[in-house]
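In: Sequence and computational prediction follow.
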Amino acid sequence: MKLARLLADLCILIVDCEHKTAPLASDGYPSIRTPNVGRGRLQLDGVNRVDEATYRAWAKRAIPQPNDLIIAREAPVGNVAIIQQHQKVCLGQRTVLVRPDPTKVDPAFLCYYLLGDYAQSRFKAAAIGATVPHLNMKDIRNLPIPSLPSLVIQRRISSILGAYDDLIEVNQRRITLLEEMARRLFEEWFVRFRFPGDEDHTMVETPEGRLPKGWSLTSLGELCQEITDGSHSSPPSVEAGQMMASVKDMRDWDFDLSECRRISTEDFDELVRNGCQPIVGDILIAKDGANLNKHTFLMWREMPLVLLSSIAILRPPLDFEREYLVALLKSDATSAAIKQMKSGAAIPRIVLRDFKRLRILMPPQHLRKQYNDAATPIHELIRRISLANGKLANARDLLLPLLISGEVSVSSAEQRLEAVA
C-alpha cells in the first residue's frame with residue numbers, strides 16, 4: 001500500500017479540546033464528549049449543554065463548523081463523527097476537532113475512511129494507557145494516509161454510506177416519537193392516576209403515600225420468581241466462539257452484538273449451567289459501571305449468549321404483564337430509586353439484595369393488562385425498528401472497507417442501496 005501523506009497534510013487544522021470539564025447549563029449548545037461521538041454521526045440524546053460564555057471560552061482554539069470531524073480520544077478510542085449542517089456544538093473533554101481541506105479530501109469520505117479497518121487498527125495500536133487507553137495528538141496528526149480515490153469517487157462513496165446513516169436517523173426519530181407515546185401513556189395512568197375508570201376511584205393514605213384505593217406497593221423480590229445476574233468470573237476470550245455480553249453491548253431496547261466478545265464453547269456451556277443465560281421473557285438491567293441503570297429491556301427473542309455480572313436478570317412470573325414492568329422500571333421515579341441504591345466508589349454498582357428490596361407500584365391486574373395491551377404494539381414496533389437499524393448499521397459497516405479498498409465498485413454499492421432504501 002503506497003503511503004502518500006499524513007492526516008495533517010489533508011487538513012486545515014487538527015486541534016485538541018480543553019482539558020477540563022465545561023460548566024453545565026440547563027440549555028444551550030451541545031457539549032460533545034466521547035459518548036456523543038458515534039460512528040459517523042453525533043449522538044445528541046441526553047447530551048450535556050453549555051451556555052454562550054462557556055461556548056466562546058471553549059472555542060478559543062477553533063469554532064466547530066459543519067463538515068468538521070470530531071474524534072474520540074478515549075472510551076471508545078477512535079470513534080469519528082461529522083458535524084452536520086444544522087449542528088452548532090461545543091468540543092468537550094477527550095475529543096479532537098479535525099477540519100479537512102475540501103480541496104484535498106471530501107470531509108464525509110474522510111470521516112468514513114477514519115472509521116475503516118486500516119485507520120481504526122492504527123488508532124488502537126497507538127492508544128496508550130493501561131486503565132483507559134487514549135490517543136495522543138501526535139498519533140492522530142501523523143496517521144499515514146494511503147493514496148485516495150479522486151474527489152468525485154470520494155463524494156459518491158460518502159453519499160452511499162451517508163444514505164445508510166440518513167435511513168438510521170429517520171428510524172431513530174420514529175423510535176423517539178413512539179417512546180414518547182408510551183411514556184406519556186404510562187405517566188397518565190400510573191403517575192397522574194388518570195386511568196380508565198378513574199372517575200370512580202378514591203385516593204387513600206398508605207405508609208408510602210397517597211394511592212388509588214385497591215393499589216399497593218410490593219418489593220421486586222416478592223414479585224419475581226428469580227433475581228440474579230451474569231457470571232462473576234470472566235473466561236478468556238477466543239477469536240471464534242460463543243457470545244458473552246456485558247453492559248457495553250446493551251442498548252435501549254436490545255443488544256448490539258457487533259463487538260461482543262467470544263468465549264470457548266466449554267466455558268459457555270458451564271455458564272449456561274450456572275444460570276448466566278437469559279431467556280425470553282426476562283428483563284435485563286445494566287447494574288454496574290458508567291452504564292448503571294442506563295439500559296433496561298425485555299428479552300423478546302432468543303439469543304445464544306451468556307452474561308457478565310454487570311447485567312441483572314429479573315424473571316417475573318409467566319403470567320405477569322412484562323411491558324408494564326419494563327415501563328415501570330424505566331420510569332423517572334423508579335430509575336431515581338434504583339440510582340440511590342448504588343454502592344462502590346471506583347466502580348458504582350447495585351447489589352442484588354438491593355434490587356430485591358426495591359418497592360414497585362402494583363395497580364390492579366386489569367389495569368396492568370390494559371396498559372400491557374396498549375403498550376405492547378408500540379414497544380414491538382420500536383424493537384422491530386431498532387433491529388432494522390442494527391441491520392442497516394451492519395450493512396454500512398460491511399460495505400465501508402469494501403468501498404474504501406475498491407473490492408466493491410461504487411456502482412454496485414449504489415444498486416445495493418436502492419434495494420434497502
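Out: Arrived safely, thanks for sending.

In: List the buried residues in the one helix or strand A119 maps to.
Out: In this assignment (DSSP states H and E), A119 forms part of helix 117-126. By neighbour count, and taking 16 or more other C-beta atoms under 10 Å as the criterion, the buried residues in helix 117-126 are Y118, A119, Q120, R122, F123, A126. Every residue, glycine included, has its C-beta placed from N, CA and C.

In: State whether the third one and V80 are indeed in contact, as I suppose.
Out: Right, the one you point to is Q120. No. Contact criterion C-beta atoms under 8 Å: Q120 and V80 do not qualify, at 9.1 Å.

In: Find residues that contact each of the two.
Out: Listed contacts common to Q120 and V80 are L114; contacts here mean C-beta atoms under 8 Å, 6 or more residues apart in numbering.

In: for A240, what are its contacts?
Out: Applying C-beta under 8 Å, 6+ apart, the residues contacting A240 are R262.

In: That one and S258, how far apart?
Out: Taking C-beta to C-beta, to the nearest Å as the measure, A240 falls 15 Å from S258.

In: Ok, N372 next?
Out: 31 Å.

In: Show me which of those two is the more surrounded one.
Out: Using other C-beta atoms under 10 Å as the criterion, N372 and S258 rank with N372 on top: 18 against 11.

In: in terms of contact, does that one touch F320 like I think?
Out: No. Counting by C-beta under 8 Å, N372 stays clear of F320, with 9.3 Å between them.

In: Now L387: closest residue in space that isn't a chain neighbour?
Out: Once flanking residues are discounted, L387 sits nearest to D254: 6.8 Å by C-beta to C-beta, 6 or more residues apart in numbering.

In: got it, and E179?
Out: Using C-beta to C-beta, 6+ apart, the nearest residue to E179 is I382, at 6.6 Å.

In: so who does the one you found touch?
Out: Contacts here follow C-beta under 8 Å, 6+ apart; on that basis I382 touches I175, L178, E179, A182, W253.

In: can you count the residues close to the second one?
Out: Using other C-beta under 10 Å, L178 has 16 neighbouring residues.

In: State the distance from it to L381.
Out: In terms of C-beta to C-beta, L178 sits 6 Å off from L381.

In: what residues are up against the residue nearest to L387?
Out: D254 neighbours (C-beta under 8 Å, 6+ apart): F297, W300, R383, S386, L387, G390.

In: So it versus A419, what's the distance?
Out: When D254 is compared with A419 (using C-beta to C-beta), they lie 24 Å apart.

In: for R174, same thing?
Out: 21 Å.

In: and those two? which has more neighbours close in?
Out: More crowded of R174 and A419, by other C-beta under 10 Å: R174, with 14 against 6.

In: Next, the buried residues of stretch 137-153.
Out: By neighbour count on 16+ other C-beta under 10 Å, the buried set for stretch 137-153 is D139, I140, L143, I145, L148, P149.

In: returning to that earlier point: going by secondary structure, the residue nearest to E179 is in what exactly?
Out: Assessed by DSSP H and E, I382 sits inside helix 365-405.

In: so for that helix, what's the average pLDDT?
Out: Mean pLDDT, computed over helix 365-405, is 93.

In: next structured bit after it?
Out: helix 410-420.

In: Identify, by residue count, the longest strand of the protein.
Out: Scanning the chain for the strand with the most residues, using DSSP state E, yields strand 237-245.

In: average pLDDT for that strand?
Out: 95.

In: what's the offset of that strand from the middle of its chain?
Out: Distance of strand 237-245 from the chain centroid (C-alpha atoms, centre = their mean, to the nearest Å) equals 21 Å.

In: Provide the strand pairings for that strand, with the direction of each partner.
Out: Strand 237-245 pairs in its sheet with strand 261-263 (antiparallel), strand 305-307 (parallel), by DSSP bridges.

In: quick one, phi/psi of S409?
Out: phi -70, psi 160 (degrees, to the nearest 10).

In: I meant I32, not that one.
Out: phi -90, psi 110.

In: Then the one 3 residues further on?
Out: Phi and psi for P35, reported as degrees, to the nearest 10, are phi -60, psi -20.
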